[in-house]
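Novice: With the input below, show me the fold.
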Amino acid sequence: MITYPLPSLSLEQAKELQFRIVDLTTRYFDGYEVLSEGDLGVVKGKNKPSYTRKVERVLADLFQTEDATLVRGAGTGAIRWGLTSILKGDGKLLVHSAPVYPTTQVTLDTMRVKPLRADFNNQEDIVRVLDQNPDVTAVLIQLTRQKPDDRYRCNEVIRTIRSIRPSVQILTDDNYAVLKVPNIGAQCGADLSSFSCFKLLGPAGVGALAGKGSLIRAISDCNYSGGSQVQGYEAMAVLRGLIYAPMALAVQAQVGEELVQRLCSGEIPEVKNAFLANAQSKVLLVEFWDEIADRVLEFTAKNGAAAYPVGCESKFEFVPMIYRISGTFRRQDPSLEKRMIRINPMRGGAETVMRILKKSLQEVKNER
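Specialist: Got it, this is the predicted structure:
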């Protein structure tokens, strides 16, 4: 199997990103405010907590967009509000010809959207579908991979779409990519980027959108009630997570690269192959010679690995997660589930992952 993982930020790049977030914070908060939990309610003139609005301005400046907003529902909620803002009337939505992320599919089903598909790996196919469907008014692009052989680059897909249909509105699903890659969708020309703050060491249930000011205002106007607001203390938790996420994610990527090298060198004989892939977070995919994936996973959980995701890279997931491959990958090739697992080292080191994997494989062998 050949995969095309997104390039990760280096430790030096992550450090500079951390410094930039801190610098932006000092431009919006004074030295007393940064030590506060934040305010509550719908402040007059802002219709939201003032601390929430300040964090949104930090996000907009960080990603070089006109505006940003925090929403409820984590990444799923952000995508849902993004689609609501760009899909109008009888306009059609264009997506990649691959399995749609399950929670996004729920949103499309709820909105009764039947998307058109084009192979984003093939610019000619994008042009063909747009030429044949003048009623396409919106596009959803997922930055991370939906199937193993995906290799498209977000900026190139956006450039191709704009060359054919300049007025089309583009939403990117930036989950699992934010603060890991040099640019998110809005920085590549999309109208809106959507992502989960929960996946960036922030609070559970908070998502974000960054992009065109008119679309952000429309989303904010739909969330005018007090109960819909992301409160000030939640926004401050988002900000604190953002500050620490870049370095943590860069170290995680470095550990993943070390694991690939060690596993591909034959350190564990039961492993046939290992490679990095964005499935959906950037993880290590490990393929065994035999169909033992389910048994291995039973023992890795007993040996200390996280048995299932909470938010996939949330603040709660600090031990390595060793888990079945993603749903979109399983739908692409169901046979992979029997012989392949995915590993995300999270905050752990390569030695911890290798120890858990070796011990679990020995226990599987002892069963026979």
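Novice: how about the residue nearest the centre of the chain, what does it touch?
Specialist: Geometric centre of the chain, nearest residue: Asn175, 1.7 Å, by Cα atoms, centre = their mean. Going by Cβ atoms under 8 Å, 6 or more residues apart in numbering, Asn175 touches Gly75, Leu143, Thr144, Ser194, Phe195, Ser196, Lys199, Gln280. All C-beta atoms are positioned from the backbone trio N, CA, C, and that covers glycine.
Novice: so it, which of the three states?
Specialist: Following DSSP: H, G, I helix; E, B strand; the rest coil, we place Asn175 in the coil state.
Novice: Can we start the residue count at 21 from this point?
Specialist: Taking 21 as the first residue, the last one we looked at is Asn195.
Novice: Now do it, the pLDDT please.
Specialist: Looking at Asn195, its pLDDT stands at 96.
Novice: cool, Gln300 as well?
Specialist: pLDDT at Gln300 comes out at 69.
Novice: Show me what the helix or strand bottoming out on mean pLDDT in the chain packs onto, helices and strands only.
Specialist: One helix or strand of the chain scores below all others by mean pLDDT, DSSP states H and E: helix 347-352, with a mean of 73. In terms of contacts (3 or more Cβ pairs under 8 Å, 6 or more residues apart in numbering; DSSP states H and E), helix 347-352 is packed against helix 356-359.
Novice: Tell me the helix or strand right after the helix it packs on.
Specialist: strand 360-364 (DSSP states H and E).
Novice: those strands in the stretch 21-170 of the chain, which residues are they?
Specialist: 87-92, 112-116, 136-138, 156-162 (DSSP state E, counting those that start in this stretch).
Novice: could these go into TSV alongside distance to Ala265?
Specialist: Converted to TSV, the strands of the stretch 21-170 of the chain look like this (distance: least, Cβ to Cβ, whole Å):
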stretch	distance to Ala265
strand 87-92	16
strand 112-116	26
strand 136-138	32
strand 156-162	20
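Novice: Quick one: closest of those to Arg237.
Specialist: With Cβ to Cβ, the closest approach to Arg237 among the strands of the stretch 21-170 of the chain belongs to strand 87-92: 7.1 Å.
Novice: then the closest one to CSV, C-alphas only?
Specialist: Taking C-alpha atoms only, strand 87-92 is exported to CSV below (Å, rounded to 0.1, in the frame of the first residue of the first chain):
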residue,chain,number,x,y,z
ASP,A,87,-13.0,36.7,11.1
ALA,A,88,-13.5,33.5,13.2
THR,A,89,-16.2,32.2,15.5
LEU,A,90,-16.4,29.5,18.2
VAL,A,91,-19.4,27.2,18.0
ARG,A,92,-20.9,24.3,19.9
